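Trainee: Need the 3D shape of this:
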Amino acid sequence: MRITQTLVRSGPAVAVAALPLALVAGPAAAATGIDVTTSGATVQVTTSECVTRSSGSMGNASLLSSGQANFAQGRQVTLSGISSSQSAAWSGVTAGTYTVIVVCADGSTAGTQSVTVSPVSTPTISATASPSRGVMGGMGSTTRDYGGVTYAVGGVLVVAGVGATVWVLRRRSGPGRL
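Mentor: You can find the predicted model right below:
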């Protein structure tokens, strides 16, 4: 009984002591040192492994297609960024499986990762007719301005409507009506 209580009491202390070790180890996926993403026909790689600069560059990245075997055969791009984050991108990449390799300026390899680029479908765009003069707005649904005549006729209709409403309401409220 005493041993169980001792283990239960020391459990949180052991967990707190092990937390810094888990944070230092980090996720297992980060072991490659690079992160490769695709968006349409663009492939982008980011890393934080290349911290030293040589001749103004932090390193190079290479995109190798299936038939290419080493770094020099791929499409090479210079890494850009700051010491905490570097990136490179390739545009116009056709569908297929590629290998991305990042070599830092000091000659060390930051990582290697495989990536698959999906085929990009281009949408079909068709022209539609558009109004040549824009939206026709105006008084009500008219497209022409009839001037003062329109306002006079409208005013007469409003006065007639108000008059008819007053007449009906007064007639209903007369003597002997409920």
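
Trainee: Which stretches in the protein count as strands?
Mentor: Taking DSSP state E as the test, the strands found in the chain are 34-39, 42-47, 59-64, 75-78, 80-82, 85-90, 96-104, 109-117.

Trainee: just flag whichever of these has the lowest average confidence.
Mentor: Within the strands of the chain, the stretch with the lowest mean pLDDT is strand 80-82, showing a mean of 85.

Trainee: Partner strands of that strand, with direction?
Mentor: When pairing is defined by DSSP bridges, strand 80-82 lines up against strand 85-90 (antiparallel).

Trainee: In CSV, could you pull the C-alpha coordinates for the partner strand?
Mentor: The C-alpha trace of strand 85-90 is given here as CSV (Å, rounded to 0.1, in the frame of the first residue of the first chain):
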residue,chain,number,x,y,z
SER,A,85,14.8,30.2,-41.8
GLN,A,86,15.9,29.6,-45.4
SER,A,87,13.8,28.6,-48.4
ALA,A,88,13.9,27.9,-52.1
ALA,A,89,11.2,27.3,-54.7
TRP,A,90,10.8,25.8,-58.2
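
Trainee: contact partners of it?
Mentor: For strand 85-90, the surrounding residues in contact (CB atoms under 8 Å, 6 or more residues apart in numbering) are 42-48, 50, 58-61, 63, 75, 77-81, 102. Using the backbone N, CA and C atoms, a C-beta is placed for each residue, glycine as well.

Trainee: Identify each buried residue in it, please.
Mentor: Gln86, Ser87, Ala88, Ala89, Trp90 (16 or more other CB atoms under 10 Å).

Trainee: Which positions are bridged to the third one in the beta structure?
Mentor: Same thing as Ala88. Under the criterion used (DSSP bridges), Ala88 bridges to Val45.

Trainee: Roughly how far does it sit from Val153?
Mentor: 73 Å (CB to CB, to the nearest Å).

Trainee: Give the rounded mean pLDDT of stretch 148-161.
Mentor: Taken as a whole, stretch 148-161 has a mean pLDDT of 92.

Trainee: I'd like the numbering to begin with 578 instead of 1 from here.
Mentor: Sure, I'll start counting at 578 from here, so that last one is stretch 725-738.

Trainee: Now Asp683: closest residue in space, sequence neighbours ignored.
Mentor: Spatial nearest neighbour of Asp683, excluding adjacent residues (CB to CB, 6 or more residues apart in numbering): Thr629 at 5.2 Å.

Trainee: what residues are up against the one you found?
Mentor: Contacts of Thr629 were listed using CB under 8 Å, 6+ apart, and they are Met635, Cys681, Ala682, Asp683.

Trainee: Any idea how far apart the tips of stretch 638-650 sit?
Mentor: The straight-line separation of the ends of stretch 638-650 (CA to CA, to the nearest Å) is 12 Å.
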